[in-house]
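Q: just to be clear, the model below is a prediction. Sequence and coordinates:
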Amino acid sequence: MRSKLALATLLLTAAQVWAHHSFSAEFDVKKPIHFTGVLTRVEWVNPHTWLHVDVKAADGQVTSWMLEAGTPNVLFRRGLTKGSVPVGIEVVVDGFQAKDGSPKGSARDLTFPDGRKVFLGADPGSAGAPEEDKK
Amino acid sequence: MNLRLPAVAVISAAVFLLPAGIAGQAPADVSRTARNALATKPATTWTPPRLADGRPDLIGYWSNNTATPFERPQAFAGREFLTDDEVRALERESRERTKASDFQVTQRPGEVGDYNAAFKEDSRWIVSTKRTSIITDPKDGRMPALTPEARKRFEADQEYHKQHPHDGPEGMTTIERCITWITSGPPMLPTFYNNNYHIVQTHDYVAILTEMIHDVRLIPLDGRPHGSVRQWTGDSRGHWEGDTLVVETTNFNGKRNWFGIAMTEGGGGKRPDERMRVIERFTQTAPDILLYQFTVDDPGTYTKPWSGEIPMRSTKGPLYEYACHEANYAMIDILSGARAEEREAAKGLK
């Protein structure tokens, strides 16, 4: 029964997933990004939050990146606000660059240098949890 | 409309004339659990809280967030309901899967991927009725077939989108354009985040605020006829049948290309016909449950009407404003990305 249920779970999960927009249309799979930078600005806006990060190259040149993160409503219900990601912190970014080649990227895997997840929040399982389960 | 009410709703209707609880006077931003806790009634004789006019008080914040699929998975073919053990196992596995993802990027090799767990709601719950699908009719829990005309329309839409995926905003989905989201309906269907609603009610109107993309349906209850203006979410009129709020919606503009049915046949693209008519029924069946039932009659698109139900759950408010146009940078990025690809392709032809 377990394998059948596991299959069903996959089906249930797959059925729910549909992004607000197509990430594959916005970002280029051939341009993965991985860097460490300093957070300079946070746009806690709809439909998605955007983080601005300055990245210094080996030659000292600084590039300002814009990184797309989650919908603020979900992050808010997860206990995260604009103040949860203060300007000045160092972050490690893994994602993909925009197709037009500009310094924009997806920031779906965002960590602190020690490996902690930036968007883990107070309760990683809480966003959208029904009231009775939050007690 | 062959909508079947659960026994508890019938019991509720039978005790319609019981006195109003004091919950009806509580402020709207107080959770329903707190409000209903004030009216300490035994579960067996539970009756919905009422407003001063005696109508059921549906005011509050509700969520249709669920792991129950829109259509019945083949693994449950022929079965309308899950057992308690299956519900527990599915919810546990769903929870473990969320934890296991550890909020890492979820892309497969060669794909940019979609949202990871940090971006989504925790949607591990199976609906309280334990149904194997949101669709209740047809009985196989799956969408009825498209009419030949709708099939032709759908295939033409698909082909156009294939040839011109990102020519301009006009050809993109209403989701990407910040016009309507699946949750706004009608019928109001869940997806993987922001599945929240705020219902406000007076004697003459019910207003339903859908969190995403911040749509409000103003529903007159005074018996006036439908108007003549076609709208993205149609033109709704409501009335009470016992303790059930019944809402009929017509006058859709026929331009929506995301309608819940997008989970079938690989994604969006299906547009309902302008003649579509949707009937919704809202019945509070327990302190924290608002049973939402719907029937879609769209003869220009489907070979027969289809129905479904979701027991919506009370949730906490207030809703965080989803002002989609606030910074829809993705639209710009998608279009500029498409132009960049076209330039690259043109270089290759030289």
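A: Structure's in. What do you need? Residues are numbered from 1 along each chain as shown, chains lettered A, B, ... in the order given.

Q: A strand includes residue B:311, no?
A: Yes - looking at residue B:311 with DSSP: H, G, I helix; E, B strand; the rest coil, it is inside a strand.

Q: which strand residues bridge it?
A: Judged by DSSP bridges, the bridge partners of residue B:311 are residue B:291.

Q: okay, now it: neighbour count?
A: 22 (other CB atoms under 10 Å in any protein chain shown). (Glycine included, C-beta is placed from N, CA and C.)

Q: I'd guessed it sits against residue B:293; true?
A: No - Residue B:311 is beyond contact range of residue B:293, at 9.5 Å (criterion: CB atoms under 8 Å).

Q: could you pull out the strands for the stretch 1-150 of chain B?
A: Here the stretch 1-150 of chain B has its strands, by DSSP state E, counting those that start in this stretch, at B:60-63, B:135-137.

Q: what's the most buried one of these?
A: Of all the strands of the stretch 1-150 of chain B, strand B:60-63 carries the top mean neighbour count, a mean of 26, counting by mean count of other CB atoms under 10 Å in any protein chain shown.

Q: what strands line up against that strand, and which way round?
A: strand B:196-201 (antiparallel), strand B:306-314 (antiparallel).

Q: out of the strands of the stretch 1-150 of chain B, which is closest to residue B:196?
A: strand B:60-63 (5.1 Å; CB to CB).

Q: any stretches of the chain with poor pLDDT?
A: In the absence of a named chain, this looks at chain A. Residues of chain A that meet the criterion pLDDT under 70 lie in A:1-21, A:108, A:120-135.

Q: wait, chain B
A: Within chain B, the ranges that satisfy pLDDT under 70 run B:1-45, B:98-109, B:113-118, B:257-270, B:350.

Q: which residues in the stretch 1-150 of chain B form helices?
A: Taking DSSP state H, counting those that start in this stretch as the test, the helices found in the stretch 1-150 of chain B are B:7-14, B:32-38, B:84-101, B:148-163.

Q: what are the buried residues along the longest one?
A: The neighbour-count check on helix B:84-101 (16 or more other CB atoms under 10 Å in any protein chain shown) flags B:86-87, B:89-90, B:93-94, B:97-98 as buried.

Q: counting contacts, what elements does it pack onto?
A: Counting by 3 or more CB pairs under 8 Å, 6 or more residues apart in numbering or on different chains; DSSP states H and E, the packing neighbours recorded for helix B:84-101 are helix A:2-16.

Q: sorry, back to before: tell me the most buried of the strands paired with strand B:60-63?
A: Mean neighbour count (mean count of other CB under 10 Å) peaks for strand B:306-314 among the strands paired with strand B:60-63, with a mean of 24.

Q: and after that strand, which helix or strand comes next?
A: Next helix or strand after strand B:306-314 toward the C-terminus (DSSP states H and E): helix B:329-349.

Q: and the stretch 151-300 of chain B, which of its residues are near chain A?
A: Residues of the stretch 151-300 of chain B found near chain A (CB under 8 Å from any CB of the partner chain) are B:165-166, B:175-176, B:178, B:181-182, B:190-195, B:211-213, B:262-263, B:267-268, B:288.
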